[in-house]
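with the sequence up front, the predicted model follows.
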Amino acid sequence: MICLTITNSSELIASKVGQFLEKLTPESIDQSFVEKKVLEQILESLSKEGLEGKISLVKGIEIEQEEIVFHKGVSVIEQMEF
């Protein structure tokens, strides 16, 4: 299993659409948008390499100092096969 955490989604959105619009969107929307775009790019790259499998977007799980932390409401947001 591979876990990827994106920590600069707001900064990325601000650089693409501008500081003003970024301030109007909540952090959770920025994070979701960036995660979705990264997922699409990873999916495309893995498919080109001939790999097969599944990719899932999951909310409610974090890794803190080498420990997995489960928050209330852990769920799979989206799952795609490649």
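Received it, and whenever you're ready, just let me know what you need. This structure is a prediction, so every number in the text was calculated from the model and none was measured.

which residues does the closest residue to Lys72 other than its chain neighbours contact?
Spatial nearest neighbour of Lys72, chain neighbours left out: Gly60 (7.1 Å); criterion: Cβ to Cβ, 6 or more residues apart in numbering. Bear in mind the C-beta positions are built from the backbone N, C-alpha and C, glycine included. By Cβ atoms under 8 Å, 6 or more residues apart in numbering, the contact set of Gly60 is Phe70, His71, Lys72, Gly73, Val74, Ser75.

ditto for Ile63
By Cβ under 8 Å, 6+ apart, Ile63 lies in contact with Cys3, Thr5, Val69.

same deal with Ser75?
Contacts for Ser75 (Cβ under 8 Å, 6+ apart) come out as Val58, Lys59, Gly60.

give me the pLDDT for it.
pLDDT for Ser75: 92.

quick one on the thing from earlier: would you turn the contacts of Ile63 into JSON lines with neighbour count?
Formatted as JSON lines, the contacts of Ile63 follow (neighbours: other Cβ atoms under 10 Å):
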{"residue": "Cys3", "neighbour count": "9"}
{"residue": "Thr5", "neighbour count": "9"}
{"residue": "Val69", "neighbour count": "10"}
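
most centrally placed residue in this protein?
Per Cα atoms, centre = their mean, the C-alpha nearest to the average position across the chain is that of Glu35, at 2.6 Å.

surely that one meets Val58?
No. At 10.0 Å, Glu35 does not count as touching Val58 under the criterion of Cβ atoms under 8 Å.

return the distance of the residue nearest to Lys72 relative to His71.
Gly60 sits 4 Å away from His71, going by Cβ to Cβ, to the nearest Å.

just the strands from the chain, written as ranges.
Ranges of strands in the chain, per DSSP state E, are 54-64, 67-81.

deepest-packed of those, please.
Among the strands of the chain, strand 54-64 has the highest mean neighbour count (mean count of other Cβ atoms under 10 Å), at a mean of 12.
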